[in-house]
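Q: Sequence plus the predicted model coming up.
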Number of protein chains: 2
Amino acid sequence: MARWEGNARGRLEEAALTLFEEQGYDRTTVAQIAQRANLTERSFYRWYPDKREVLFGGAQELEDRFLAGIDAVPPGTPALPTLLAAFATAPQVFRPREFLLRRAAVIGANPPLRERELIKLVSISETLSTALLNRGFNSETARLATDIGLAVLRLTTERWMAEEHTDFAGFADALSASAADLLAVAADATPARDEA
Amino acid sequence: MARWEGNARGRLEEAALTLFEEQGYDRTTVAQIAQRANLTERSFYRWYPDKREVLFGGAQELEDRFLAGIDAVPPGTPALPTLLAAFATAPQVFRPREFLLRRAAVIGANPPLRERELIKLVSISETLSTALLNRGFNSETARLATDIGLAVLRLTTERWMAEEHTDFAGFADALSASAADLLAVAADATPARDEA
């Protein structure tokens, strides 16, 4: 059993996801989630303000991981490589792949969860930009690098989720490949000069 | 008076924005907005499902403008330049700059409006990606170009909003400059090779 599944939060996440799948997000109550996780409602509210939040426990862990990853990057590293180095450590806090696939399906099918996911993404985006500002980058560079970095991260995780067998070790390579693909798309915007 | 102010929707937008500023978003009702715009509540609901939507009438116009702009781009143009060409026509449907600045302040101060804005942005993003797919780009290129394009558009509009005197004619140039800045940030992610 993975570490996150052994604790109360992991059990609540798993219980909520299963209930959302079985009977729908709208019809699931906090009481049902707690009961299925063999916990009290009170325990639920210790960790989450509402049922909308329960699938996003991993977002905070990811944000914390990214901040620690950025701190570990040598000073003088440009903005985007700083983010990509931090992103490469993301698999350390990923939920099991099976869980992530089920979670993505449930979120995609429920607008309230999609809204919450967008807000989490903005929170991560602002945290990353601030971390870059604190390393001395100006605000425009911080924002651009964050936007680009998150586009690369999204493509990488989509590819990783779509592969049947991908180990965590390959994640850094996948990030580099996605960054190269992004650069190729971005480079099209620069008009070719003097090509007679 | 600008064209958009003369019609019912423009009056409702202006009335809502003023009331949100004066007495707060939470305390403003649809009845008050309609009254201030010299319209009935029924008229309000003809255009908007709720008070949360009233400041986002421009989002749909922008989306329609972008689609028309994409259609006008010559076949064979790469994905990102296609989007940038469409974005360059955005000022045709922009609200007056004064209004946009006030609107941005009100949205920034009210979480329900920020959420709605995020959802509008996702809608525009999906529309753009689909338009690129329809032009024959593969889904990864369509998504990357959209992510990059929207990052460039955001930087451009932020710069444009921050300038005291910027005419619409300069918008296309500002887009190109922002795209070049993005490329510079993206290029940092490619390791320099053979630099002995």
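A: In hand now; what should we look at?
Q: Domain map for chain A?
A: A:8-54, A:58-186 (automatic domain parsing).
Q: How far off centre is the shortest one?
A: Spelled out, it's domain A:8-54. Centroid displacement of domain A:8-54 relative to its chain, using CA atoms, centre = their mean, to the nearest Å, is 21 Å.
Q: does chain B sit close to the one helix or strand A:E98 maps to?
A: Using DSSP states H and E, A:E98 falls within helix A:97-109. No - against chain B, helix A:97-109 shows no contacts by CB under 8 Å from any CB of the partner chain, the least distance being 11.9 Å. C-beta coordinates here come from the backbone N, C-alpha and C atoms, glycine included.
Q: Touching the helix or strand following that helix from outside, list them.
A: Using DSSP H and E, the next helix or strand after helix A:97-109 towards the C-terminus is helix A:111-134. Identification of contacts with helix A:111-134 by CB atoms under 8 Å, 6 or more residues apart in numbering or on different chains yields A:25, A:52-53, A:55-56, A:59, A:62-63, A:66-67, A:70, A:79, A:82-83, A:106-108, A:139, A:141-143, A:145-147, A:149-150, B:114-115, B:118-119, B:122.
Q: The residues you listed in helices, which ones?
A: Mapping the contacts of helix A:111-134 onto helices (DSSP state H) picks out A:59, A:62-63, A:66-67, A:70, A:79, A:82-83, A:106-108, A:139, A:141-143, A:145-147, A:149-150, B:114-115, B:118-119, B:122.
Q: ok, of the contacts of helix A:111-134, which come out buried?
A: Buried by 16 or more other CB atoms under 10 Å in any protein chain shown: A:25, A:55-56, A:59, A:62-63, A:66-67, A:70, A:79, A:82-83, A:106-107, A:141-143, A:145-147, A:149-150, B:115, B:118-119, out of those.
Q: neighbours around A:T40, how many?
A: 12 (other CB atoms under 10 Å in any protein chain shown).
Q: mind listing what it touches?
A: A:A34.
Q: Likewise for A:V30?
A: The contact partners of A:V30, by CB under 8 Å, 6+ apart, come to A:41, A:44-45, A:50-51.
Q: Of these, which is the most crowded?
A: Most surrounded of the contacts of A:V30: other CB under 10 Å gives A:F44, at 24 neighbours.
Q: interface residues of chain A facing chain B?
A: A:78-81, A:84, A:114-115, A:118-119, A:122, A:140-141, A:143-145, A:147-148, A:150-152, A:154-155, A:179-183, A:185-190.
Q: any idea how far stretch A:125-136 is from the chain center?
A: Relative to its parent chain, stretch A:125-136 has a centroid offset of 17 Å by CA atoms, centre = their mean.
Q: Would you indicate which residues of it are buried?
A: Quick answer for stretch A:125-136 (16+ other CB under 10 Å): A:127-129, A:131-132, A:135.
Q: of the residues you listed, closest to B:D173?
A: Minimum distance to B:D173 across the buried residues of stretch A:125-136 is 25.6 Å, recorded for A:S129 (CB to CB).
Q: could you measure A:D188 against A:V30, distance?
A: From A:D188 across to A:V30, the span is 49 Å (CB to CB, to the nearest Å).
Q: Please apply the same query to A:R114.
A: For A:R114, the distance to A:V30 (CB to CB) stands at 20 Å.
Q: can you check A:I148 too?
A: For A:I148, the distance to A:V30 equals 39 Å [CB to CB].
Q: Then A:T130?
A: With CB to CB as the criterion, A:T130 and A:V30 are 33 Å apart.
Q: and if you look at A:L153?
A: Using CB to CB, which is the criterion applied here, A:L153 is 31 Å from A:V30.
Q: what does A:E63 give?
A: From A:E63 across to A:V30, the span is 24 Å (CB to CB).
Q: mind listing what the closest residue to A:G149 other than its chain neighbours touches?
A: Once flanking residues are discounted, A:G149 sits nearest to A:L83: 3.7 Å by CB to CB, 6 or more residues apart in numbering or on different chains. Neighbour list for A:L83: A:66, A:70, A:128, A:132, A:145-146, A:149 [criterion: CB under 8 Å, 6+ apart].
Q: Which two among those are spaced furthest apart?
A: Using CB to CB, those span at most 12.9 Å, a distance reached by A:F66 and A:A145.
Q: Same question for the helix holding A:E98: list its buried residues.
A: Using 16+ other CB under 10 Å as the test for burial, helix A:97-109 gives A:97, A:99, A:102-103, A:106-107.
Q: Also stretch A:28-45?
A: A:28, A:30, A:32-34, A:36-37, A:39, A:43-44.
Q: So which of these sit within strands?
A: Nothing among the buried residues of stretch A:28-45 maps onto strands, per DSSP state E.
Q: Farthest pair within those residues?
A: Farthest pair in those, by CB to CB: A:T28 and A:S43, 16.6 Å.
Q: the bottom helix or strand of chain A by mean pLDDT?
A: Every helix and strand of chain A was ranked by mean pLDDT, DSSP states H and E. The lowest is helix A:3-6, at a mean of 52.
Q: Let me know the next secondary structure element after it.
A: Counting by DSSP H and E, what follows helix A:3-6 is helix A:8-23.
Q: Please list the outside residues in contact with that following helix.
A: Helix A:8-23 is contacted from outside by A:2-5, A:28, A:32-34, A:36-39, A:43-44, A:47-48, A:51, A:54-55, A:57, A:95, A:99, A:102-103, A:105-106, A:110, using CB under 8 Å, 6+ apart.
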